[in-house]
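The amino acid sequence is not available; the structure is as follows:
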């Protein structure tokens, strides 16, 4: 009786539509009340109390109470929001512990929500043409930094509706011009659908086992899921995203102004590797487009990695469904992995089961069973400790990373191998030669099952988009 088709986010395409009776004042009052009552009572007041209990953050607690207050001057609330956010960024970037307590993030989220409302009202008053965009940027940043999608979504929907109304009032000529520009740019950003021969395409040592094409999820559960055995699942090119997202201009045209978290640089180049929050259109124009067009001066390696983009932009979730294979367990969440060629995720294991689907482009995946762990030279690894958008990780006395939130960091369990599995140093790691790899090259519509605690290494061979469904 388990349903075989469902969305990763409960969203319908009609939600952002603007009806003639849509009232800005009613929406503004509803969202203000949401901050001042529901969110304040559920965690806001407790957050303020926690901040006030520490002399170093007492001033943040007082400002947060101003943000949560019902009848305060808007300028006073705006100032409190901006000062809190400024101090919280400073703590995150300068303090050795970063945001090591949940109340830092909670304060950031509440101030961002309130500031987005104030920006919306500023737009209504005609004081600033960019107010709606600035409101959306505040919401996107809050989502990137850990705001739950269900908390931010009513605010995002309000901004989307107002943006839609504003767009409808623009001149027809302007819209026609925009459509022409979009079509012109769209035609040149299609990711290749065949994999060209290249020295970068690896030799398959030991092919991953593949299920029969007509396999059912019940057979998958019995033969592989229950036994924690990796397998290549039957290909499925029926999801709309496989064709729609092949042209990455789609992301720019629909969501170009939305902010996304980006990892820039090669994974092992610690000194030059960095995290950025950039507009989607910047990512497409400056990173993906040069790679697709094979410009000689392109040397970017960048990744929108392990991000719950569909909580942030639920419209994208309409382009696919949760694969039936997840019926073998309990679906938790879906992440997107969108990046240039040359992105690498080093060999590691995770604590959840994973249906990994290739949507656009090609990736090479190498896996090892948990039983090979003794040959893989497990390490905490510095690379993963730097990749933490919503938490600062600290090591306990035993050298194990720990975290405060439900987000599963890739290094939370010291789950990285020291070995470069494509070019191993067998003098340094001699036992690695005893490990047995399972290899697969994934193209559009290909899916694999990566069981919990199965080691896996991933390298993109082209501009690539993947989804992983955790269950």
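Nice, I can see it. Nothing here was measured: the structure is a model prediction, and the numbers come from that model.

was I right about residue 61 contacting residue 45?
No. Applying CB atoms under 8 Å as the test, residue 61 and residue 45 come out as separate, 9.9 Å apart. The way it works is simple: take the backbone N, C-alpha and C, and place the C-beta from them, glycine included.

more neighbours, the two?
residue 61 (20 against 15; other CB atoms under 10 Å).

okay, and for this structure, where does confidence drop off?
1-5, 13-21, 96, 127-128, 169-187, 296-298, 380-413 (pLDDT under 70).

element containing the closest residue to residue 120 other than its chain neighbours, please.
Closest residue to residue 120 apart from its sequence neighbours, by CB to CB, 6 or more residues apart in numbering: residue 135 at 5.1 Å. Take DSSP states H and E as the rule and residue 135 turns out to sit in helix 131-144.

now the helices for the stretch 251-400 of the chain?
Residue ranges of the helices in the stretch 251-400 of the chain, as given by DSSP state H, counting those that start in this stretch, are 280-283, 289-292, 309-312, 382-385.

show me what contacts the nearest residue to residue 153 once chain neighbours are set aside?
Nearest residue to residue 153 in three dimensions, chain neighbours excluded: residue 314, at 7.2 Å (CB to CB, 6+ apart). Contact analysis of residue 314 by CB atoms under 8 Å, 6 or more residues apart in numbering lists 9, 11, 149, 153.

Report the buried residues of the helix ranked longest in the chain.
Taking DSSP state H as the criterion, the chain has its longest helix at helix 102-124. By neighbour count with 16 or more other CB atoms under 10 Å, helix 102-124 contains the buried residues 102-123.

Determine the set of other helices and strands touching that helix.
Under the contact criterion of 3 or more CB pairs under 8 Å, 6 or more residues apart in numbering; DSSP states H and E, helix 102-124 touches helix 24-33, helix 45-52, helix 58-68, helix 74-94, helix 131-144, helix 149-168.

how much distance is there from that helix to the middle of the chain?
21 Å (CA atoms, centre = their mean, to the nearest Å).

same thing with stretch 32-45?
Using CA atoms, centre = their mean, the offset of stretch 32-45 from its chain centre is 26 Å.

Compute the inter-axis angle for the longest helix of the chain and helix 45-52.
120 degrees (axes from the mean of the first three to the mean of the last three CA atoms, to 10 degrees).

report the angle between the axes of helix 102-124 and helix 149-168?
Using the same axes, to 10 degrees: helix 102-124 against helix 149-168 is 20 degrees.

Hmm, the residue nearest to residue 120 is touching residue 159, no?
Yes. At 5.1 Å, residue 135 counts as touching residue 159 under the criterion of CB under 8 Å.

Give the residues shared as contacts by those two.
Taking CB under 8 Å, 6+ apart as the contact rule, residue 135 and residue 159 both touch 116, 120.

what number of residues lie near the nearest residue to residue 133 once chain neighbours are set aside?
Using CB to CB, 6+ apart and skipping the chain neighbours, the partner closest in space to residue 133 is residue 257 (6.0 Å). Residues near residue 257, counting by other CB under 10 Å, number 15.

got a list of what residue 110 touches?
35, 39, 44, 47, 64, 67-68.

Test of understanding: give the bridge partners of residue 440.
Judged by DSSP bridges, the bridge partners of residue 440 are residue 365.

I'd like to know the beta-bridge partner residues of the residue nearest the centre of the chain.
Residue closest to the average C-alpha location in the chain (CA atoms, centre = their mean): residue 307, at 1.2 Å. Residue 307 forms beta bridges with residue 336, as assigned by DSSP bridges.

And it, how close does it get to residue 275?
As defined by CB to CB, to the nearest Å, residue 307 lies at a distance of 11 Å from residue 275.

cool, and residue 344?
Distance from residue 344 to residue 275, by CB to CB: 16 Å.

which of those two has more neighbours?
residue 344 (18 against 14).

Looking at strand pairing, list the partners for the more buried one.
residue 459.

Let me know whether it touches residue 464 as I believe.
No. Contact between residue 344 and residue 464 fails when scored by CB under 8 Å: they sit 11.6 Å apart.

ok, residue 369 - how many residues close by?
Residue 369: 17 neighbours (other CB under 10 Å).

ah, wrong one, I meant residue 351
Neighbour number of residue 351 under other CB under 10 Å is 11.

how close does it get to residue 208?
Applying CB to CB to residue 351 and residue 208 gives a distance of 21 Å.

just residue 124 next, same as before
Following CB to CB, the distance that separates residue 124 from residue 208 is 56 Å.

related to what we said a few turns ago, how far away from the center of its chain is the helix holding residue 135?
16 Å.

what residues does it touch?
108-109, 112-113, 115-117, 119-120, 122-123, 128, 147, 149, 152, 155-156, 159, 162-163, 166, 257-261, 277, 307, 311-312, 389-390.

picking that back up, and the residue nearest to the centre of the chain, how far is that from residue 280?
Residue 307 is 12 Å from residue 280, by CB to CB.

list the residues that contact both of these two?
Common neighbours of residue 307 and residue 280, counting by CB under 8 Å, 6+ apart, are residue 260.

I'd like to know how many residues surround the residue nearest to residue 60 when sequence neighbours are not counted.
In this structure, residue 60 finds its nearest non-sequential neighbour in residue 51, 4.6 Å apart by CB to CB, 6+ apart. By other CB under 10 Å, the residues close to residue 51 number 24.

Repeat that for residue 217.
Using other CB under 10 Å, residue 217 has 17 neighbouring residues.

Surely it and residue 328 touch.
Yes. With contact defined as CB under 8 Å, residue 217 reaches residue 328; the gap is 5.8 Å.

Okay, the nearest residue to residue 450 once chain neighbours are set aside and residue 470: tell me how far apart.
Distance criterion CB to CB, 6+ apart; nearest residue to residue 450, sequence neighbours excluded, is residue 354 at 4.2 Å. For residue 354, the distance to residue 470 equals 6 Å [CB to CB].

Outside of stretch 22-41 itself, list whatever touches it.
By CB under 8 Å, 6+ apart, the residues outside stretch 22-41 that reach it are 44, 67-70, 110, 113-114, 117, 120-121, 124, 151, 154-155, 158, 161-162, 165.

What separates the first and last residues of it, distance-wise?
One end of stretch 22-41 sits 28 Å from the other (CA to CA, to the nearest Å).

Buried residues in stretch 77-87, which are they?
Buried, per 16+ other CB under 10 Å, within stretch 77-87: 77-78, 80-81, 84-85, 87.

What of stretch 121-135?
121-123, 131-135.

Switch those residues over to CSV; also include distance to residue 22.
Formatted as CSV, the buried residues of stretch 121-135 follow (distance: CB to CB, whole Å):
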residue, distance to residue 22
121, 16
122, 19
123, 15
131, 18
132, 14
133, 19
134, 21
135, 16
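
out of these, who's nearest residue 288?
residue 133 (22.2 Å; CB to CB).

can you count the residues close to the residue lying closest to residue 105 once chain neighbours are set aside?
Computed as CB to CB, 6+ apart, the closest residue to residue 105 that is not its neighbour in sequence is residue 146, at 4.8 Å. Applying other CB under 10 Å, we find 20 residues neighbouring residue 146.
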